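Student: quick one, fold the following:
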Amino acid sequence: MPALVKAPPHPWARTKPRPGTATRSQAGSAPPEGGFSAGARARAAAARLVSAVIGEGRSLTEALDRLAGPDLGPDRPLVQELSYGTLRLLPRLRTLASQLLNKPLRREEADIEALILVGLYQLLATRIPPHAAVASSVAASRVLGKDWAARLVNALLRRFQRERVALLALADRDEESRWLFPPWLLQRLRQDWPEDWETIVTASNAQAPQWLRVNRLALDRDAYLARLAADGILPGPADSLPVDETPPLLFPAPPASRGTATTRAHSANPAAPPFAPAALRLDPPLPMARLPGFAEGLVSIQDLSAQLAAPLLAARPGERVLDACAAPGGKTVHLLELADGRLDLTALDIDPRRLEQVDATLRRLGLRARVLAGDAAGPPDGWTSDWSGDRGEDAALPTSAQPLRAATCDRAGPRTELAIPFDRILLDAPCSATGVIRRHPDIKWLRRPTDIEALCARQARLLDALWQLLAPGGTCLYVTCSLLAEENEWQIQAFLSRHRDASEVPIQAEWGQARPRGRQVLPAADGGDGFYFARLRKEAP
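Tutor: Prediction:
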């Protein structure tokens, strides 16, 4: 073991050690070119990501794209696991770090603070051998250009190993550390879900499962299951979670929820639920590139709850359909799959960069739709087919957009002019995303209470504007991935009070829970994320 591991605890002074006293690597093997092991570089990258989220307010997805870079290669999954996992357990890790530190780090040492959190996460919630977790984290301090911090990181992580039980017992006394949720959001969930909030929080703190949607235009679920079996890949039980993500000390056992009980009663094989005939859960998950038939369009990655939207809208061949807020395009292509590809479908999104994803998904599955950039809350004459995903980081709608014209708006073949009104509209509205926290744990730390009011106002504008584009007798499906009543049933109740020509079409289903307006799926119910659905019909004059 290198001498650094045996060094006495760092006194937590900010002065650097004498030059020449620190060793170069703690990875346990000769360092590669550049002087640092892949493990050390991965920990340093994870620390940068965590620091970008909690220190700079960036989304984890954005930070991963910008900071980690495409050259991580085989280390990218490890970087993602460490950064996502650290943000899942952030309050607990911060509580532990504060117990271990003599005094807080200075703001300019935010990357070292994040590295300490990443190191604690490895020791607390992964199967990484402790000696490797400590050694690589110590070496990562040098990757970050902070040689002075190597002794500090080493001392703190080793002290945690020695005093783990006592430190965790102290951490459990803090409610935020115990539940891993910001107090304001925990209070909202308790208010809206008095019987289910513990189940919601526990599920939201676990790693999300991988759900696939089989393309019914190419094959059915049984045929794809046969292909997975032939390739040695089999789906696992929907109730199982990776052991590393749910260590007993971290999460209290969830109480039985109404949604979960209903699911287990009717589903003989929870990896292939009967109420979503194209859905299939894989455990463990596979990267996109390793999914059989993905490149050929046989299968897509889409959460189970998200797969409920297209059947609820029930668009029929030949109908005019608008998918508002369409990116990244999963629901767009699902609508087309269910109608044998024969819809006059317009996919609209305000972000031209994200429309590249819609375009790529349509091409991969060999389906056709108009793909337009524009604000769904604005007039259609502002929507444009003149967009490009390559507009730079600060891209917005083009200022000199060309008006929509024939034969230019179909990304996979010519179409006719945009026809309004629409027979059906899908509004997957921007929201707090509190139902998908298990996929995006940074939401817990980036979202603010003041955001909810602004999001509700935006949702109301979208509903009111799109209602004017819906034909009499037409259907609008309002969807969010929120768990908050004010974005869901309260929003729909307010909409119905404003529009006398609107009525709710109740959703009768095996999944989820009926609400005063609409239907809610909770995370963990049926294995899907938290989603809300409300179906509205426009009455004839």
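Student: what about Ala514, how many residues close to it?
Tutor: Ala514: 12 surrounding residues under other Cβ atoms under 10 Å. For glycine as for every other residue, the C-beta is placed from the backbone atoms N, C-alpha and C.
Student: next one: it from Pro506, what distance?
Tutor: Using Cβ to Cβ, to the nearest Å, one obtains 8 Å as the distance from Ala514 to Pro506.
Student: kindly report the same for Asp428.
Tutor: Asp428 is 20 Å from Pro506, by Cβ to Cβ.
Student: the two: which is more packed in?
Tutor: Asp428 (22 against 11).
Student: from what I see, that one and Lys331 are in contact.
Tutor: Yes - with contact defined as Cβ atoms under 8 Å, Asp428 reaches Lys331; the gap is 6.3 Å.
Student: shared neighbours, those two?
Tutor: Contact with both Asp428 and Lys331 is made by residues 309, 323, according to Cβ atoms under 8 Å, 6 or more residues apart in numbering.
Student: and the residue nearest to Asn488 when sequence neighbours are not counted, bridged to which residues?
Tutor: Among residues not flanking Asn488 along the chain, Tyr532 sits closest, at 4.1 Å (Cβ to Cβ, 6 or more residues apart in numbering). Per DSSP bridges, the residues bridged to Tyr532 are Thr480, Gln520.
Student: for Tyr532, give me its contacts.
Tutor: So Tyr532 contacts 435, 478-483, 487-489, 515, 518-521 (Cβ under 8 Å, 6+ apart).
Student: relative to Ala369, which of these is nearest.
Tutor: Val479 (18.1 Å; Cβ to Cβ).
Student: phi, psi for the nearest residue to the closest one once chain neighbours are set aside please.
Tutor: The spatially closest residue to Val479, leaving aside those adjacent along the chain, is Asp428, at 4.6 Å (Cβ to Cβ, 6+ apart). Note on Asp428: its backbone torsions stand at phi -90, psi 90 [degrees, to the nearest 10].
Student: now do Ala377
Tutor: According to degrees, to the nearest 10, Ala377 has phi -90, psi 0.
Student: quick one: it from Leu466, how far?
Tutor: When Cβ to Cβ is the yardstick, Ala377 and Leu466 sit 8 Å from each other.
Student: of these two, which one has the most company?
Tutor: Between Ala377 and Leu466, Leu466 has the larger neighbour count (other Cβ under 10 Å), namely 22 against 16.
Student: so that one makes contact with Leu322?
Tutor: Yes - contact criterion Cβ under 8 Å: Leu466 and Leu322 qualify, at 7.3 Å.
Student: any residues in contact with both of these two?
Tutor: In contact with both Leu466 and Leu322: Ile425, using Cβ under 8 Å, 6+ apart.
Student: tell me the helix or strand right after whatever helix or strand Arg92 lives in.
Tutor: Arg92 is located in helix 90-100, with elements delineated by DSSP states H and E. Note on helix 90-100: by DSSP H and E, the next helix or strand toward the C-terminus is helix 110-125.
Student: following that following helix, which helix or strand shows up next?
Tutor: Assignment by DSSP H and E places the next element after helix 110-125 at helix 130-143.
Student: what helices or strands is that following helix leaning on?
Tutor: Applying 3 or more Cβ pairs under 8 Å, 6 or more residues apart in numbering; DSSP states H and E, one finds that helix 130-143 makes contact with helix 38-56, helix 110-125, helix 150-171.
Student: average model confidence for that helix?
Tutor: Helix 130-143 comes out with an average pLDDT of 96.
Student: now that helix against helix 150-171, angle please.
Tutor: Per axes from the mean of the first three to the mean of the last three Cα atoms, to 10 degrees, the angle that helix 130-143 makes with helix 150-171 is 130 degrees.
Student: report the inter-axis angle for helix 130-143 versus helix 38-56.
Tutor: 70 degrees.
Student: what separates helix 130-143 from the chain centre, distance-wise?
Tutor: 28 Å (Cα atoms, centre = their mean, to the nearest Å).
Student: please shift the residue numbers so they start at 27 in all later answers.
Tutor: Happy to do that; since the first residue is 27 now, the last one works out to helix 156-169.
Student: in that helix, what counts as buried?
Tutor: Neighbour-count burial for helix 156-169, with 16 or more other Cβ atoms under 10 Å as criterion, is recorded at 159-169.
Student: and the residues you listed, which two are furthest apart?
Tutor: Among the buried residues of helix 156-169, Ala159 and Arg168 lie farthest apart (Cβ to Cβ), at 16.2 Å.
Student: if we can go back for a sec, quick check: angle from the helix holding Arg118 to helix 176-197?
Tutor: 110 degrees.
Student: convert the C-alpha atoms of helix 116-126 to PDB, please.
Tutor: Only the C-alpha atoms of helix 116-126 are listed here, as PDB (Å, rounded to 0.1, in the frame of the first residue of the first chain):
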ATOM      1  CA  LEU A 116     -26.800  13.900  -1.500                       C
ATOM      2  CA  PRO A 117     -28.300  15.000   1.800                       C
ATOM      3  CA  ARG A 118     -27.000  11.900   3.600                       C
ATOM      4  CA  LEU A 119     -23.600  12.200   2.100                       C
ATOM      5  CA  ARG A 120     -23.400  15.900   3.000                       C
ATOM      6  CA  THR A 121     -24.400  15.100   6.600                       C
ATOM      7  CA  LEU A 122     -21.700  12.400   6.800                       C
ATOM      8  CA  ALA A 123     -19.100  14.800   5.300                       C
ATOM      9  CA  SER A 124     -20.000  17.500   7.800                       C
ATOM     10  CA  GLN A 125     -19.500  15.100  10.600                       C
ATOM     11  CA  LEU A 126     -16.100  14.100   9.200                       C
END
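Student: pull out the buried positions in it.
Tutor: Those would be 116-123, 125-126, for helix 116-126 by 16+ other Cβ under 10 Å.
Student: turn the residues you listed into CSV, including distance to Ala352 and pLDDT.
Tutor: Below are those laid out as CSV (distance: Cβ to Cβ, whole Å; pLDDT from 0 to 100):
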residue, distance to Ala352, pLDDT
Leu116, 32, 97
Pro117, 35, 97
Arg118, 38, 97
Leu119, 37, 98
Arg120, 38, 97
Thr121, 41, 97
Leu122, 42, 97
Ala123, 42, 97
Gln125, 47, 95
Leu126, 47, 96
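Student: quick one: the helices in the stretch 177-326 of the chain?
Tutor: 201-205, 209-218, 223-230, 247-256, 284-292 (DSSP state H, counting those that start in this stretch).
Student: out of those, deepest packed?
Tutor: Greatest average neighbour count among those goes to helix 223-230 (a mean of 23), per mean count of other Cβ atoms under 10 Å.
Student: helices and strands around that one, which ones?
Tutor: Applying 3+ Cβ pairs under 8 Å, 6+ apart, one finds that helix 223-230 contacts helix 209-218.
Student: list of residues touching the helix it packs on?
Tutor: Against helix 209-218 from outside (Cβ under 8 Å, 6+ apart): 201-202, 205, 207, 223, 226-227, 460, 470, 473, 475, 509-511.
Student: let me know the angle separating that helix from helix 223-230.
Tutor: Using the same axes, to 10 degrees: helix 209-218 against helix 223-230 is 130 degrees.
Student: what about helix 209-218, average pLDDT?
Tutor: Mean predicted confidence for helix 209-218 is 97.
Student: over to stretch 456-467?
Tutor: 97.
Student: try stretch 309-319
Tutor: On average, stretch 309-319 scores 89.
Student: only alpha carbons, please: show that stretch as PDB.
Tutor: Below are the C-alpha coordinates for stretch 309-319, written out as PDB (Å, rounded to 0.1, in the frame of the first residue of the first chain):
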ATOM      1  CA  ASP A 309     -33.000  -6.400 -15.600                       C
ATOM      2  CA  PRO A 310     -30.200  -5.700 -15.700                       C
ATOM      3  CA  PRO A 311     -30.500  -2.900 -18.200                       C
ATOM      4  CA  LEU A 312     -28.600  -2.800 -21.500                       C
ATOM      5  CA  PRO A 313     -27.000   0.100 -23.300                       C
ATOM      6  CA  MET A 314     -28.900   1.200 -26.500                       C
ATOM      7  CA  ALA A 315     -26.100  -0.100 -28.800                       C
ATOM      8  CA  ARG A 316     -26.400  -3.600 -27.300                       C
ATOM      9  CA  LEU A 317     -30.200  -4.000 -27.600                       C
ATOM     10  CA  PRO A 318     -30.900  -6.500 -30.400                       C
ATOM     11  CA  GLY A 319     -32.700  -4.800 -33.200                       C
END
